[in-house]
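Engineer: Any chance you can model this:
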Amino acid sequence: MMHMEITPKISIIVPVYNMEKYLRQCVDSILAQTFKDFELLLVNDGSKDSSPQICDDYAVVDSRVKVIHKENSGQADSRNIAIGMAKAPLIGFVDSDDWIDPDMYEILYRAMVENDADISICGHYLSYVGDEKTSCQGGLVKVYEGSQALQMIIDDREIKSYLVDKLYKKEMITDLLPKSYYYEDYATLFKWFAGASRVAICNSPMYHYRQRQGSTDHDSDPRKKYHFFLAEQERYNYLTENNIFPEQHRKFASKVVRTGLREIKHIVRNSSESVYASDCIDAIRHQIFKYKPITISDIGLLRKILLWCLEKYPNMYFKIIGCTRTRSAGKSSKREFYD
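Structural biologist: The predicted structure follows:
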C-alpha cells in the first residue's frame, strides 16, 4: 500500500546558529500554535553549541519538525536552502532567538484566505534582553492593494522590512536572499511586495522580536553599516530599473545619499578603531557620488555642504562629523547633527 504524503499548508523556516539559550523557547512557541497544519524547518548553520542536538531532539518527538544540518554559510543561505525544500504553498519565518504567540499563524492564515491576500502581516513586540519592557508596533486592520503596500514598505511606515511577523505565498518569493550580506531582508523583502496584488495587515502584535546586544540592529561593526548602504542602493537600482514609481526616483536617489552620509558618520563616531572602518568608509565615499546632481531641496543645505566637503576635502569632513559628537553628547535633542 502506497503511503500518501500530505502537503502542509504552511512551512515555517527557522535558521539556527549557536542559539542554545533561546532555541527551546522559540521552537516550543511554534509547536504550540493553534494552527496545526505546518512543517517546521530547522536549519542548523554549523552551530558549535548544543543547538544541533536540540533540533534533533524536537524532530524525534514531533514529525512536523524537519532538521537540516549544514556547514556555516550565514542566515540568508540557511533561509534560501529551506525555501527550496519547503513543501507548503505558504511560508513563514521565525528567528531562533524570538518567539510567537500561540494564535499567530492561525490569524495570519485566516487574514490571507479571507481577504484573498498574497502576504499577511501582524504586529510585533520589541523585547529587550536585560530589560523586560516591551514596545508594541502594530498596524491597523486593513487590506491594501499591492502598490499601496509596496509604497508603505519603501517608506518604512506601518510595514517594516522584517521577514518575520509575516506569512507569504511561496510564489511571491521571486528573489532569494543575498548571501554574506547583512540586512538581506531590507534589500530583498520589498521585491516580494512588488509582486503582491493584495496585502492584509492584522491589528494585533503577536511576534516577539528579541533585541540582543550584538545583533544586526545593535552592532557598530562598520561592515554592517556599509551593507545597509548597499541594501539602500539595491532598492534604488531595482525600483529604477523596473520603472516602479518613476515620479519618485529622485527621492530614492536622495535617500541613498542620506543613508551613505549617515552610515559614514556612524562609522567615524562609533567604529573608527575597527580594521574594517577605513575600507568601508572609502567604499561608501566612492559610490555615493554616483547620485549627483542632488540638489539642496533633495537633501537639505547641511547635507549638501557635507557631501561637497566629503568629495573635495575628506579629512576636513571627518574632523567636522567627529567633533559634533562632543557638541551633542550632553544634550537630548530630537535630531542629531544630521540623520
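
Engineer: what's the pLDDT at the nearest residue to K48 once chain neighbours are set aside?
Structural biologist: Among residues not flanking K48 along the chain, N18 sits closest, at 6.0 Å (C-beta to C-beta, 6 or more residues apart in numbering). Bear in mind the C-beta positions are built from the backbone N, C-alpha and C, glycine included. If you check N18, the pLDDT there is 96.

Engineer: what secondary structure does N18 sit in?
Structural biologist: Here N18 is coil, with the state taken from DSSP: H, G, I helix; E, B strand; the rest coil.

Engineer: Please enumerate the strands of the stretch 1-150 of the chain.
Structural biologist: Assigned by DSSP state E, counting those that start in this stretch, the strands in the stretch 1-150 of the chain fall at 10-16, 38-45, 65-70, 90-93, 99-100, 119-128, 131-137, 142-145.

Engineer: What helices and strands are in contact with the third one?
Structural biologist: In terms of contact count using 3 or more C-beta pairs under 8 Å, 6 or more residues apart in numbering; DSSP states H and E, strand 65-70 is assigned the packing partners strand 38-45, helix 51-61, helix 75-85.

Engineer: Dump the ones you listed into a markdown table; add mean neighbour count as well.
Structural biologist: Listed next are the helices and strands packed on strand 65-70 as a markdown table, based on neighbours: other C-beta atoms under 10 Å:
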| stretch | mean neighbour count |
| --- | --- |
| strand 38-45 | 24 |
| helix 51-61 | 16 |
| helix 75-85 | 20 |
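
Engineer: For these, could you give me CSV that also reports mean pLDDT and distance to D95?
Structural biologist: Compiled in CSV, these are given as follows (pLDDT from 0 to 100; distance: least, C-beta to C-beta, whole Å):
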stretch, mean pLDDT, distance to D95
strand 38-45, 98, 12
helix 51-61, 98, 13
helix 75-85, 95, 8
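
Engineer: right, so of those, which gets closest to Q287?
Structural biologist: With C-beta to C-beta as the measure, helix 75-85 is the member of the helices and strands packed on strand 65-70 nearest Q287 (21.7 Å).

Engineer: what comes into contact with that closest one?
Structural biologist: 11, 13, 15-17, 41, 43, 45, 66, 68, 70, 91, 93, 163, 170, 173, 176-181, 184 (C-beta atoms under 8 Å, 6 or more residues apart in numbering).

Engineer: Next one: Y317 from S78, what distance?
Structural biologist: Note on Y317: its distance to S78, by C-beta to C-beta, to the nearest Å, is 39 Å.

Engineer: and stretch 90-108, how far from the chain's centre?
Structural biologist: Counting by C-alpha atoms, centre = their mean, to the nearest Å, stretch 90-108 is centred 15 Å from the centre of its parent chain.

Engineer: Report the buried residues of the longest helix anywhere in the chain.
Structural biologist: Across the chain, the longest stretch assigned as helix under DSSP state H is helix 249-270. Applying a neighbour-count criterion of 16 or more other C-beta atoms under 10 Å, one finds 252-268, 270 buried in helix 249-270.

Engineer: next structured bit after that helix?
Structural biologist: helix 277-288 (DSSP states H and E).

Engineer: Could you list the residues in contact with that following helix?
Structural biologist: 222-223, 225-226, 229, 233, 256-257, 260-261, 263-264, 267-268, 271, 307, 310, 314.

Engineer: for that helix, the distance to its chain's centre please.
Structural biologist: For helix 277-288, the distance to the chain centre is 23 Å (C-alpha atoms, centre = their mean).

Engineer: Among the strands of the stretch 1-150 of the chain, show the one with the smallest mean pLDDT.
Structural biologist: Checking each of the strands of the stretch 1-150 of the chain, the one with the poorest mean pLDDT is strand 131-137, at a mean of 47.

Engineer: Buried residues, stretch 180-197. List them.
Structural biologist: 181-196.

Engineer: Tell me which of those residues fall in helices.
Structural biologist: Using DSSP H, these in helices are 184-194.

Engineer: show me what contacts the residue lying closest to Q148 once chain neighbours are set aside?
Structural biologist: Distances taken as C-beta to C-beta, 6+ apart put V199 closest to Q148, at 7.9 Å, once the chain neighbours are dropped. Contact partners of V199, counting by C-beta under 8 Å, 6+ apart, are 117-121, 143-146, 148-149, 159, 193.

Engineer: hmm, which helix or strand of the chain has the shakiest average pLDDT?
Structural biologist: For the chain, using mean pLDDT, DSSP states H and E, the weakest element among its helices and strands is strand 131-137, scoring a mean of 47.

Engineer: need the contact list for the residue nearest to K48.
Structural biologist: By C-beta under 8 Å, 6+ apart, N18 lies in contact with 47-49, 51.
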